[in-house]
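> pasted the sequence and its predicted model underneath.
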Amino acid sequence: MSKAKTSTRWAVTSRILAAILGGYALAYAATAFLAVYLPLMRSDRVVFASLACFAVYTAAILYAFAARSALRVWLVLLGLTALMALAAFLPAEFGARP
């Protein structure tokens, strides 16, 4: 097996894992973020956030295969996940939730 073929397999495997795992983490963080910050009643926020997570997950999967490199996919997905998770969960500790 040639080195180029092995490299391509690892790149595709990394993108698949980023799409599945990173996309799921991003969808979870987006759901938590929207459930906290949407200006609706609590029940409506939760329902809207839960439904919107399907669109976020689909967009993350599409991005995983449209980006230039697998490293960029991981960095973007993990960065967005960290930002949204911090924004959603950190204010609860400081009493700053809306």
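Sure, I can see it.

> now name the helix or strand holding the residue nearest the centre of the chain.
In the chain, the residue lying closest to the centroid (CA atoms, centre = their mean) is Leu26, at 1.6 Å. Per DSSP states H and E, Leu26 falls inside helix 23-37.

> try Phe65
Using DSSP H and E, the element containing Phe65 is helix 42-66.

> orientation of that helix relative to helix 23-37 in degrees?
Put simply, helix 42-66 runs at 150 degrees to helix 23-37, going by axes from the mean of the first three to the mean of the last three CA atoms, to 10 degrees.

> flag every buried residue along helix 42-66.
For helix 42-66, the neighbour count (16 or more other CB atoms under 10 Å) marks Arg45, Ala49, Ala52, Cys53, Val56, Tyr57, Ala60, Ile61, Tyr63, Ala64 as buried. Every C-beta, even on glycine, is put in place using the N, C-alpha and C of the backbone.

> please compute how far the worst-scoring helix or strand of the chain on mean pLDDT lies from its chain's middle.
When each helix and strand of the chain is scored by mean pLDDT, DSSP states H and E, helix 3-17 comes last, with a mean of 85. Centroid displacement of helix 3-17 relative to its chain, using CA atoms, centre = their mean, to the nearest Å, is 21 Å.

> that helix packs against which elements?
helix 42-66, helix 70-94 (3 or more CB pairs under 8 Å, 6 or more residues apart in numbering; DSSP states H and E).

> just put the ones you listed in JSON lines and tack on mean pLDDT.
Below are the helices and strands packed on helix 3-17 laid out as JSON lines (pLDDT from 0 to 100):
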{"stretch": "helix 42-66", "mean pLDDT": "96"}
{"stretch": "helix 70-94", "mean pLDDT": "90"}
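
> for Thr6, find the nearest of the ones you listed.
Nearest to Thr6 among these is helix 70-94 (14.0 Å), distances taken as CB to CB.

> what sits up against the closest one?
11, 14-15, 18-19, 22-23, 25-26, 28-30, 32-33, 35-37, 60, 63-64, 67, 97 (CB atoms under 8 Å, 6 or more residues apart in numbering).

> show me just the buried residues among these.
By 16+ other CB under 10 Å, the contacts of helix 70-94 give 14-15, 18-19, 22-23, 25-26, 28-30, 32-33, 35-36, 60, 63-64, 67 as buried.
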